[in-house]
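Novice: Kindly return the folded structure for what I paste below:
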Amino acid sequence: MPRGVRISVAARVNRAAFITVATLAAIWEMFAAIELTRGTAIADFVSILFVTIGVFTVTAIHEVGHALGALLVRARLRTIYVAPFALDLVTRKIQLVGLVGGRDVGGYVQTRDGLDEIRRIDWIIIVAAGPAGSVVGGLLILVVLNFAGINDPFGITAFAAAIGFGSILAGLVNLWPASVGGFMTDGALIADALRGWRPRRR
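Specialist: All right, here's what the predicted structure looks like:
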């Protein structure tokens, strides 16, 4: 079999595996949120809450990680987008952009530096900081909730715990090197940079 065909098949298998794992992770997280808030005041509408507030918060934690990575390598930040809002750090204005924002589904961080001005190692740090931020942020939420010992009959702390778990899960899944419909995970961007310096917007 020609080499090109083998690579194509491997890429398709990898993509299918990533979609399967990501879907199962999302389903597991939803059931975890439902189970954690069972018997509380928000139990009846936790699904709607998690799809809106939960996903927004998990995405925000991830993008803040990218932003901190950019600041670490002294890149000049321009925009932080978390669906459906975009914070323009130049004009200091928040804009309602939409669910896709014309760039990535969920969120992205944009710098004022051109991609050709960013060193490979700096680019890898910026990209890797997203999943790292998701994992660390999720762990911090769980640690704070564990030591706080808040008596919460409304289920807000249980919901926050679900967000913590979701953030960790999102960070780990995003490290999977896969490309789906033009969208590249952070793991794929890192692998792309390690193979050869071909920066892509994050």
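Novice: Now do the contacts for Pro131.
Specialist: By CB atoms under 8 Å, 6 or more residues apart in numbering, the contact set of Pro131 is His62, Gly65, Gly171, Leu172, Asn174, Leu175, Asp186, Gly187. Quick note: C-beta positions are derived from backbone N, CA and C, even for glycine.
Novice: one more time with 6 Å
Specialist: Pro131 sits next to Gly171, Asn174, Leu175, Asp186 when contact means CB atoms under 6 Å, 6 or more residues apart in numbering.
Novice: pLDDT wise, what is the last one at?
Specialist: According to the predicted model, the pLDDT of Asp186 comes to 94.
Novice: picking up where we left off before, can I get the contacts of Pro131 in a markdown table including neighbour count, secondary structure and distance to Ser47?
Specialist: Below are these laid out as a markdown table (neighbours: other CB atoms under 10 Å; DSSP: H, G, I helix; E, B strand; the rest coil; distance: CB to CB, whole Å):
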| residue | neighbour count | secondary structure | distance to Ser47 |
| --- | --- | --- | --- |
| Gly171 | 24 | helix | 22 |
| Asn174 | 21 | helix | 23 |
| Leu175 | 19 | coil | 27 |
| Asp186 | 26 | helix | 27 |
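Novice: how about TSV for those residues, with distance to Arg12 added?
Specialist: Formatted as TSV, these follow (distance: CB to CB, whole Å):
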residue	distance to Arg12
Gly171	25
Asn174	20
Leu175	20
Asp186	21
